[in-house]
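Novice: predicted model, plus sequence, below.
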Amino acid sequence: MARPRTEIDENGYDRPSKSQVKREMHALLDLGKRLIELSDDRLKQLDLGEPLMAAIKDAKRISPTAREGRRRQIHYVGKLMRNVEPEPILKQLDVWENGSKEDTRAMHRLEALRDLLLRDDDALTEFMNEFSGADIQQLRTLIRAARKEAEKNSTLVQGQDPQRKHYRALYQYIKTLVDLSESA
């Protein structure tokens, strides 16, 4: 969230417009609502300060049927949010909701490696060169089972759910190997 400008604009104003201030206050109020919905464990991980934490806990205790009391408490949390820098909180919420970009990238890399092993027999040789600690027999068994599973899935009638047991098992085995090689 951008902080108000202090420079003079083309109309000679040296502060943000009333509409801009209102948008920022609503954004802080919405962030406060999101914080109220978090579990206590997640809230402890955020550096919110004692008054804000107490206000959030009070808002959680208010019954949803006590609408006016809950609304007032939510607005109080929004007011206290003005004293907190929202960017780190928003980043952490994004990581919790969407996962980190590094984790997503790593997962896509593992999925691509699994698909390559299923498509190309020569990829297994390259994989074994990179991960020499892998059990070649187990890896071949997983690849063979995943290929059979994919073949069966291609003949399913519309509406039937495809089987993914061996496909997932191959992914988990590759993930374990990659994790072991990165920790070594």
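Specialist: Right, received. Where do you want to start?
Novice: rest of the way, CA atoms for contacts and neighbours
Specialist: Will do.
Novice: quick one: the helices in the protein?
Specialist: 18-37, 40-45, 50-61, 67-80, 86-98, 101-119, 122-130, 136-154, 165-183 (DSSP state H).
Novice: what helices or strands is the longest one leaning on?
Specialist: For helix 18-37, the elements it packs on are helix 50-61, helix 67-80, judged by 3 or more Cα pairs under 8 Å, 6 or more residues apart in numbering; DSSP states H and E.
Novice: returning to that earlier point: closest one to Asn11 among the helices of the chain?
Specialist: With Cα to Cα, the closest approach to Asn11 among those belongs to helix 18-37: 14.4 Å.
Novice: what's the angle between the closest one and helix 86-98?
Specialist: Helix 18-37 and helix 86-98 meet at an angle of 50 degrees, taking axes from the mean of the first three to the mean of the last three Cα atoms, to 10 degrees as the criterion.
Novice: specify the angle between helix 18-37 and helix 50-61 in degrees.
Specialist: In terms of direction (the same axes, to 10 degrees), helix 18-37 departs from helix 50-61 by 70 degrees.
Novice: what's the closest of the helices and strands packed on helix 18-37 to Asp179?
Specialist: Closest among these, once you apply Cα to Cα, is helix 50-61, at 37.0 Å.
Novice: from Asp120, how far off is the residue nearest to Glu37 when sequence neighbours are not counted?
Specialist: Leaving aside its sequence neighbours, Glu37 sits nearest to Lys60 (Cα to Cα, 6 or more residues apart in numbering; 7.8 Å). Distance from Lys60 to Asp120, counting by Cα to Cα, to the nearest Å: 54 Å.
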